[in-house]
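In: Next input, structure requested:
(chains A and B)
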Number of protein chains: 2
Amino acid sequence: MTMQTPDQAAQTPAAREAPRHRSVELGHDEPLVLDCGLTLGPVTIAYETYGRLNADRSNAILVCHALTGDQYLTGRHPVTGKPGWWSLMVGPGLPFDTERYFIICSNVIGGCMGTTGPKSINPATGRPWGLSFPVITIADMVRAQKLLIDHLGIDKLFCVTGGSMGGMQALQWAASYPERVFAAVPIATAARHTAQNIAFHEVGRQAIMADPDWCGGNYMEHSKVPRRGLAVARMTAHITYLSEAALHRKFGRRLQDRARVGYGFEAEFQVESYLRHQGSSFVERFDANSYLYITRAMDYFDLAAEYGGTLANAFKGTPVRFCIISFTSDWLFPTSENRDIVHALNAAAADVSFVEIESEAGHDAFLLDEPELRATLGGFLNGCAEKRGLSTP
Amino acid sequence: MTMQTPDQAAQTPAAREAPRHRSVELGHDEPLVLDCGLTLGPVTIAYETYGRLNADRSNAILVCHALTGDQYLTGRHPVTGKPGWWSLMVGPGLPFDTERYFIICSNVIGGCMGTTGPKSINPATGRPWGLSFPVITIADMVRAQKLLIDHLGIDKLFCVTGGSMGGMQALQWAASYPERVFAAVPIATAARHTAQNIAFHEVGRQAIMADPDWCGGNYMEHSKVPRRGLAVARMTAHITYLSEAALHRKFGRRLQDRARVGYGFEAEFQVESYLRHQGSSFVERFDANSYLYITRAMDYFDLAAEYGGTLANAFKGTPVRFCIISFTSDWLFPTSENRDIVHALNAAAADVSFVEIESEAGHDAFLLDEPELRATLGGFLNGCAEKRGLSTP
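Out: Residues are numbered from 1 along each chain as shown, chains lettered A, B, ... in the order given. Below is the predicted model of the structure:
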């Protein structure tokens, strides 16, 4: 029902590639009741799985993706042709060992890789939702994921994990459905979006909405794409994903394909060229309205507020085993925000490990080849697998 | 020659206000030779002075303004109607004591408040320069200021100072004309623009150039203003001027004029409302092409590169007394960058004081009511005034 017609699919570059989408339409019996009060249903959920579900369905790990991530964890991405975003972590012998675990990753609701979102067709009108799509929250994303987990017949997830916005979802899962989660590993995240993070998101949204090709959100119907605005949004965000030290080491003040400055406004510095590339390649794979909706969901995230203003209340009596991971050079989701989660879990007498990993890479460290991240994830999952009685691979 | 005709003046909001401009046309005998190799001249330099030049012309302080600053240090700003940007510092009994010193501040070359810049008329064509204006550097700004100082008959400045880009100019003055400067106070600055800072500037420029109303830089001739792009550029930059702690204290996650989130894309959070206001008010007073040129000048700034790659060489045998000031929460021009300047000055055996001021305000601290900044400036200037033999007020 939310699948695109060939005509609509032709309107965005991402859709033109006709990516492989494993998807399922759920919520026929009762629609998804969203935080905003509206209902949505049925919804299509696009997802991928890696490894095999064991006989007692106890080895399932749900990986939640970040703002611009998707369900393609490993293998060749159907749109970009590049390896999936967690190829370094998911596979045989890797921390998320596909010989041992059954890994699930679904595109979030509001997304643009097959799950129902603003570029889907509103069944009531036969036209793309655009800005008439209801504003969704992290809790709504988790509600949609729960429909999928129910559909797959999994009573209890062995683990739910993710970095950045994925970590927000992992926290929300543990808070909303503690009996459905054995272990949770929120990485480089926060229990609330800070003022600075809201500010950076707002700049990105303003850049998109300032682009005349955005057409008030109806660009699909006008066969347009707000490329320039979306690229500027991505460029701004990308700076926040790296540390100053990483930018200095990678680019410094080095020039791009020239020996001296050219006294003009071309991309003369390597860092400019890199950012422009980040902007233009992002436009090929991501939907501008999805960017608005998903950033908004992150802005609204404030887990303590859902529990009377005290974060510890979100985890009172929780049976979930937690491992919280942060990175020293991450200034977008700094260690202090992650430590606030640890303090709340301590106050709730929860079972929690906390590891701050020394890294120069900034927020993006969770996507990169960080040996200590591998070791931490592998060790924590092994320990949990023993407790859960999972066989060794 | 670079003065606007009434028609052209009507095309930008800032110009419509017909601000008071004290200005002088200089460089008739020989034009300004710019770093890019082109020449420019004569040039109009718009400036303001505060206090009185003493008989032996030894009490002149040149204040250099930052990226979006101008020559209006104190008193009512002719465009915004607000107090000048350093009203807290310049006046009777204040650190820059107008009873004792003669304070000069000129709009930088490339600027938009009366000094020759991209919105001025190119005498060769009779049309606004736009992007045909030569790309300028910090050293070019200082060359233009030197024309003004020569014109005012000042052989040696008592002090040259400024914050951020103003600090870059102060450093350049001390390096280029050490015999013309008694003391220099670079504040919250760096001897080179970092990769992260170039990146943020590039995002701002891309936002401006993405706006169709920018018209390839010729918006004045099309009677347009790239408001949306310039506002997005300002919003992005503004986030970098504040610390995360300052944003948290000022706004946190508080909502604007509402009790609960509205599930939409309005400015619901106070921080969003504040940023939108920063963007829209900036557009009323600043020229988009000037923003391109001045950010580019900052990107190009790398003082060591002008001296064989060793910053200390820029200050070899300097007679200038330095006071370097940084702020603990400034992440745009962090203490580490300021300390690099101190190390270079130490290596050059220069007379240097260094003060890192504890402040939560971020980069903007140099514009705010920071008692330790006042005390540091007042104390350093007093000491220098004694050495220079200036009478007490």
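
In: Let me know whether stretch A:202-213 sits next to chain B.
Out: Yes. Applying Cβ under 8 Å from any Cβ of the partner chain, one finds stretch A:202-213 in contact with chain B at A:202-203, A:205-207, A:209-212. Every residue, glycine included, has its C-beta placed from N, CA and C.

In: Determine how far that stretch lies from the middle of the whole chain.
Out: From the chain centre to the centre of stretch A:202-213 is a distance of 21 Å (Cα atoms, centre = their mean, to the nearest Å).

In: And for stretch A:168-180?
Out: Counting by Cα atoms, centre = their mean, stretch A:168-180 comes out at 15 Å from the chain centroid.

In: can you check stretch A:267-282 too?
Out: Taking Cα atoms, centre = their mean, one finds stretch A:267-282 lying 23 Å from the centre of the chain it belongs to.

In: repeat for stretch A:251-270
Out: 33 Å.

In: if we can go back for a sec, show me which of the residues of stretch A:202-213 next to chain B are buried.
Out: Buried members of those, scored by 16 or more other Cβ atoms under 10 Å in any protein chain shown, are A:202-203, A:205-207, A:209-211.

In: care to break chain A down by domain?
Out: A:6-194+A:298-388, A:197-295 (automatic domain parsing).

In: now do the same end-to-end measure for the shortest one.
Out: Same thing as domain A:197-295. 10 Å (Cα to Cα, to the nearest Å).

In: Please enumerate the strands of the stretch 1-150 of chain A.
Out: Applying DSSP state E, counting those that start in this stretch to the stretch 1-150 of chain A gives strands spanning A:23-26, A:32-33, A:39-40, A:43-50, A:60-63, A:102-106, A:121-122, A:127-128.

In: Isn't residue A:158 up against residue A:101?
Out: Yes. Between residue A:158 and residue A:101 a contact is recorded at 6.7 Å, counting by Cβ atoms under 8 Å.

In: Mutual contacts of the two, please.
Out: Jointly contacting residue A:158 and residue A:101 under the rule Cβ atoms under 8 Å, 6 or more residues apart in numbering or on different chains are A:59-61, A:390.

In: re earlier: among the residues of stretch A:202-213 next to chain B, which two are most distant?
Out: Of all pairs drawn from the residues of stretch A:202-213 next to chain B, the widest gap by Cβ to Cβ lies between A:202 and A:212 and measures 19.6 Å.

In: so which residue of the stretch 251-393 of chain A comes closest to chain B?
Out: Proximity of the stretch 251-393 of chain A to chain B (Cβ to the nearest Cβ) peaks at residue A:263, 3.9 Å away.

In: quick one: contacts for that residue?
Out: B:35-36, B:134-135.

In: Swap in 6 Å and give it another go.
Out: B:36, B:135 (Cβ atoms under 6 Å, 6 or more residues apart in numbering or on different chains).

In: Leaving out the residues flanking it, which one is nearest to the residue nearest the centre of chain A?
Out: Nearest to the mean C-alpha position of chain A, counting by Cα atoms, centre = their mean, stands residue A:66 at 1.7 Å. Excluding the flanking residues, the one nearest residue A:66 by Cβ to Cβ, 6 or more residues apart in numbering or on different chains is residue A:164, at 4.0 Å.

In: From the structure, what's the count of residues near the one you found?
Out: 27 (other Cβ atoms under 10 Å in any protein chain shown).

In: what does the stretch 151-300 of chain A put close to chain B?
Out: Within reach of chain B by Cβ under 6 Å from any Cβ of the partner chain, the stretch 151-300 of chain A has these residues: A:195-196, A:198-199, A:202-203, A:206-207, A:210, A:212, A:228, A:232, A:235-236, A:239, A:244, A:247-248, A:251-252, A:261, A:263, A:269, A:271-272, A:275, A:300.

In: Among these, the buried ones, what's the ChimeraX command?
Out: Applying 16+ other Cβ under 10 Å to those, the buried members can be selected in ChimeraX as follows:
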select /A:195,196,198,199,202,203,206,207,210,228,232,235,236,239,244,247,248,251,261,263,269,271,272,275,300
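
In: Filter the residues of the stretch 151-300 of chain A next to chain B down to the ones in helices?
Out: Using DSSP state H, the subset of those located in helices is A:195-196, A:198-199, A:202-203, A:206-207, A:210, A:228, A:232, A:235-236, A:239, A:244, A:247-248, A:271-272, A:275, A:300.

In: tell me the contacts of residue A:333?
Out: Applying Cβ under 6 Å, 6+ apart, we find residue A:333 in contact with A:188-190.

In: scratch that, residue A:306
Out: Contact partners of residue A:306, counting by Cβ under 6 Å, 6+ apart, are absent.

In: Am I right that it sits in a helix?
Out: Yes. Using DSSP: H, G, I helix; E, B strand; the rest coil, the assignment for residue A:306 is a helix.

In: Could you save the shared contacts of residue A:158 and residue A:101 as JSON lines and add columns showing pLDDT?
Out: Shown next, in JSON lines, are those (pLDDT from 0 to 100):
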{"residue": "A:59", "pLDDT": "98"}
{"residue": "A:60", "pLDDT": "98"}
{"residue": "A:61", "pLDDT": "98"}
{"residue": "A:390", "pLDDT": "94"}
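
In: Tell me the one of these nearest residue A:377?
Out: Of these, the one sitting nearest to residue A:377 (Cβ to Cβ) turns out to be residue A:61, at 10.5 Å.

In: Just list whatever residues bridge to the closest one.
Out: Taking DSSP bridges as the rule, residue A:61 bridges to residue A:103, residue A:159.

In: State the number of residues packed around it.
Out: Residues lying near residue A:61 (other Cβ under 10 Å) number 25.

In: That one contacts residue A:160, doesn't it?
Out: No. At 7.4 Å, residue A:61 and residue A:160 do not qualify as touching, with contact defined as Cβ atoms under 6 Å.
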